[in-house]
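A.B. asks: Next comes the sequence, and after it the predicted model I'd like to discuss.
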Amino acid sequence: MSVDHILTTCPYCGTGCNFFLQVANRRVVGVVPCKTDETSKGSLCIKGYNAHAFVNHPDRLTHPMVKKGGQLTETTWDEAIGKIVSELKRVASAYGTDSIMVLASAKCTNEENYLFQKLARMAIGTNNVDHCARLCHASTVAGLLQSFGSGAMTNTIPEFENADCVLVTGSNTLEAHPLIGARVLKAKEKGAKVVVVDPRDTPLSRVATMSLRQQSGTDVAWINGMINVIISEGLHDKEFVDSRTSGFDELREVVRGYPPEKVEEIAGIPKDDLVKAARIYASAEKAMIAYAMGITQHSNGTNLVRALANLAMITGNVGRESTGVNPLRGQCNVQGACDAGALPNLYPGYQSVEDDETHAKFEKAWGGKLPGKKGMTLTCAFNQALTGDVKAMLIFGENPMMSDPDTGHVEAAISKLEFLAVVDIFPTETAKLADVVLPAACYAEKDGTFTATDRAIRAVRKAADPPGDARPDWKIACDLGKKLGSEGFEFESPEQIMVEMAAVAPIYGGVDYARIEREMVRWPCPTKDHPGTKVLHTESFKIGKGVFAPVEHTPPAEETSEDFPFILTTGRNLFHFHTGTMTRRSVKLQREAPNPYVEVNPVDARALGISDDASVRVSSRRGSITLSARVTPWIRPGTIFIPFHYVEAAANRLTNNALDPIAQIPEFKVCAASVEKA
Amino acid sequence: MRLAFEEKGADYLLATRDEHGNVAPVLLKKGDEPGTLRVDVPYQMAMILTKVNKFVKEGKIAVVARRCDERAIAELVKRDLLDQSRLNLIGLACSAEQVKECRCTDPCPSVVDFGECAEPSGDDASVARLLDMSLSDRLGFWIAQFRKCNKCFGCTLNCPVCFCDECLLEDKTFTPEKGIPPGLAFHLIRAIHLADKCVECGECERSCPVDIPLLSLRKMVSQDMKELFDYVSGDSERRSPLLTTLEGDPMEDDANVC
Ligand code: SF4
Ligand code: SF4
Ligand code: SF4
């Protein structure tokens, strides 16, 4: 008899809490928090405490399957891998390698994502590799790269505790990143001012110092409005602006167009509140901005991110402890998947695929020819599948049938593919449509690393064996690489993969497993003797001077109409995670929020004659779903909210596939909808 | 190590040690490599023991236990949830700093194998401050505190004497499942339900991500228990005075399970 406690990293949000998986006789049976972990300090949220619950679920995929006569049928690894290899080869020779799309996964490790992109680039010969960061923080990566030169959280999670002011916008922090939310509350307890700007009342906004509710899709207006107040009251940090930034005059010109009265008109935030909030933020010695999908998931998401960067720079709140612009990344390894190069335009470590020198460097490192042109984004790939330009997809651990906007469109796109292979731990909605399904090991069944939202590289450790024939994704990727006839997939362990990744991605240059065993390393960490970096941009920005972006308010892609009078916004609740594949199979989490619902303000509910728990039909121009109403003052009148976890009423049947022109992130946060009694 | 296996004759040792740059709970078997054992980070060992005990059904387990672990174990043994004859306690005295943090009035284990007993803490400033408040202020204080709760269930999951398989607090009759915060009932039911078991180990407060002063609440309930019934939980001899029939007679043994 043995009972072990294996230290590992939470598979849910990007906070990156570590905890012990309790393992009895090689079966994962429970979770015990880790007292000495710098991030979690012996606490967890309800998802973390239940992170063991889905591991032994009977629905786990245990055998490879191929479609025979329209039915997915169990088979051997050899046959399944052979089928993928022959189909990819066939599609590549018939339509070219760029007709193949690889989706990497923010739920897989850094090492695995490194292999996925290498598989696409080296073994298949296309830069068409992307993952769901496209759906969450693509605009962050693009926006902050332009403003600061680095697309990641500028500061770290523990620093929240010591801020004097935390401005939270578009983030339901206490539910989506509970332990970061907890740090914000700790700061408040110590006297910090917490300002929340969100169209919904969230558990955090209810205890905040100030809570402003803007109309969805009007964020540039209020941010510019705040900058306007700050400049006109002389509250900006002139020294910082002069010495560290460029483009101030253009910014000042643009924000002149956003006096508080006008902002009130556009965004519905009372002008006095806006002025007060601006003063609170600007007069704090150390002010942090935290934001999430409420900012990024807009058709002007990149501009929004840049507007926040403007706000931080104008007040000199960058480059010091407890300041900065802090995108909260939603998945355990969405930061790492980006770092590892699972992006169509960037190699590992954010190095452009279209830069000749970098291209040559990678050809040399990997020993083969690489495609020169940047690849296709995930959102674009589904459009192109519909037009017949993408013919095959290889999807690792993603569930676009639930996660992507406008499900009807995704479904149609997938049905036009000639070949679809899915690697996952559960039979997801997407896997059900595949020609080949491979069973993967989950986080508890493999070694590797995740990179948390604050760039901390955290170890994932194997606690149990995968069920049945399931295998870790890195082994599957190695197998595919070798069978596709490529060199450079002869890895025996994730550790060896990290050695290679560190060699080609300078920001990970000093990272190795021995160090991660001992210490918390945050990238950039270029050399073995480099301590890693907590605060980015301390002396200068990566691109020299920080760049102000004069951005203007533009209305959302879809506006309300007589037929669709409500603004629908989507998001998470505390108890579930994304497409629900894991959490809805965890008894305690499912119990907390078992059924899909739509939040409706009491004023609207009365007008529609709807009572709490009534069954309603919500429709948009793309589809409709039926679910129960949750009548609550927590949402502003005219706006409705649906969590996107529920397959039986999938919010993404309704959402709009309108894309941000730069980052190609879809507008999940605004679409026009109607509500009626069902 | 030697103490557990040779002197105390145990088959297993439940302790904490260095692992991956952190301190981890560990269940060692006789003959295992001990690594670097640590006694400075207070894990709630009674809680971990209960979990381990579900799987280790035979043999003696030696546990590194502080005074509060010892008292919690006494509560569990009384309820037949642990078998005293299969346990060996290795007494660990808390440091003065830890005693201060827990405002602990009973810090010294019955047998001290590690550390030196620190002075018990006298008064609890946080409790005193609360008792000084008017009732309505005190209610206001707790409402403001409980509003921060994000229902992680850490306070129940890590509590050594929260042992029900199906927790009442997970029943929607008492705590509606519609989001957070869970409401006052969640915290008050818990405080009352644990009135005759809570050993004031402070684990709930330490686990609470949003720093709700849960230990102060427990201490106030314990104080009432002492004043009303002259009962202190963790007493290995006496049964809870709350376990009575409706007529007021003490219950028979077989009804004493929970
Ligand atoms: S806060 Fe995030 S990382 Fe931490 S336990 Fe909860 S879901 Fe896991
Ligand atoms: S102090 Fe808290 S964790 Fe400890 S026994 Fe009492 S209620 Fe349980
Ligand atoms: S530990 Fe704190 S946040 Fe968690 S459920 Fe208990 S009171 Fe609430």
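C.D. replies: Looks like it arrived, so ask away. Ligands and ions are numbered 1, 2, ... in the order given.
A.B. asks: In the stretch 51-200 of chain B, where is pLDDT below threshold?
C.D. replies: Residue ranges of the stretch 51-200 of chain B with pLDDT under 70: B:171-179.
A.B. asks: Tell me the spacing between the residue lying closest to A:Ser540 once chain neighbours are set aside and A:Ala452.
C.D. replies: Sequence neighbours aside, A:Arg244 is the residue nearest to A:Ser540 in space, at 7.1 Å (criterion: C-beta to C-beta, 6 or more residues apart in numbering or on different chains). C-beta here means a position set from N, CA and C on the backbone, and glycine is covered the same way. As judged by C-beta to C-beta, to the nearest Å, A:Arg244 and A:Ala452 stand 27 Å apart.
A.B. asks: If you count surrounding residues, which of the two has more?
C.D. replies: A:Ala452 (28 against 19; other C-beta atoms under 10 Å in any protein chain shown).
A.B. asks: My understanding was that that one contacts A:Tyr12; is that so?
C.D. replies: No: counting by C-beta atoms under 8 Å, A:Ala452 stays clear of A:Tyr12, with 11.5 Å between them.
A.B. asks: List the residues that are in contact with both of those two.
C.D. replies: A:Cys332 (C-beta atoms under 8 Å, 6 or more residues apart in numbering or on different chains).
A.B. asks: what residues does the stretch 101-250 of chain B put near ligand 1?
C.D. replies: Remark: no part of the stretch 101-250 of chain B is in contact with ligand 1, using C-beta under 6 Å from any ligand atom.
A.B. asks: now with 8 Å?
C.D. replies: Counting by C-beta under 8 Å from any ligand atom, the positions of the stretch 101-250 of chain B adjacent to ligand 1 are B:Cys152.
A.B. asks: Likewise for the stretch 201-350 of chain A?
C.D. replies: A:Cys332.
A.B. asks: the strands in the stretch 201-350 of chain A, which residues?
C.D. replies: A:210-212, A:245-246, A:287-291, A:325-327, A:346-347 (DSSP state E, counting those that start in this stretch).
A.B. asks: mind giving me the domain split of chain A?
C.D. replies: A:70-135+A:332-522, A:154-327, A:566-677 (automatic domain parsing).
A.B. asks: Please work out how many residues are found near the nearest residue to A:His537 once chain neighbours are set aside.
C.D. replies: Nearest residue to A:His537 in three dimensions, chain neighbours excluded: A:Gly319, at 4.4 Å (C-beta to C-beta, 6+ apart). Residues within reach of A:Gly319, counting by other C-beta under 10 Å, total 22.
A.B. asks: For ligand 2, see how far away A:Gly319 is.
C.D. replies: 42 Å (C-beta to the nearest ligand atom, to the nearest Å).
A.B. asks: Quick one: residues contacting that residue.
C.D. replies: A:154, A:244, A:535-539.
A.B. asks: On the pLDDT front, check residue 232 for me.
C.D. replies: By default, I'm working from chain A. Listed pLDDT for A:Ser232 reads 93.
A.B. asks: Switch to chain B, please.
C.D. replies: 75.
A.B. asks: With the one 4 residues further on instead?
C.D. replies: pLDDT, the model's per-residue confidence, is 66 for B:Ser236.
A.B. asks: Now find how far off-centre the helix ranked longest in chain A is within its chain.
C.D. replies: Longest helix in chain A, counting residues (DSSP state H): helix A:77-95. Chain-centre distance of helix A:77-95: 30 Å, with C-alpha atoms, centre = their mean, to the nearest Å.
A.B. asks: Likewise for stretch A:377-385?
C.D. replies: 18 Å.
A.B. asks: Give me the contacts around that stretch.
C.D. replies: A:101, A:103, A:128, A:130-132, A:134-135, A:138, A:344, A:376, A:390-391, A:393, A:400, A:404-405, A:409-410, A:413-414, A:416-417, A:657, A:659, A:664-666.
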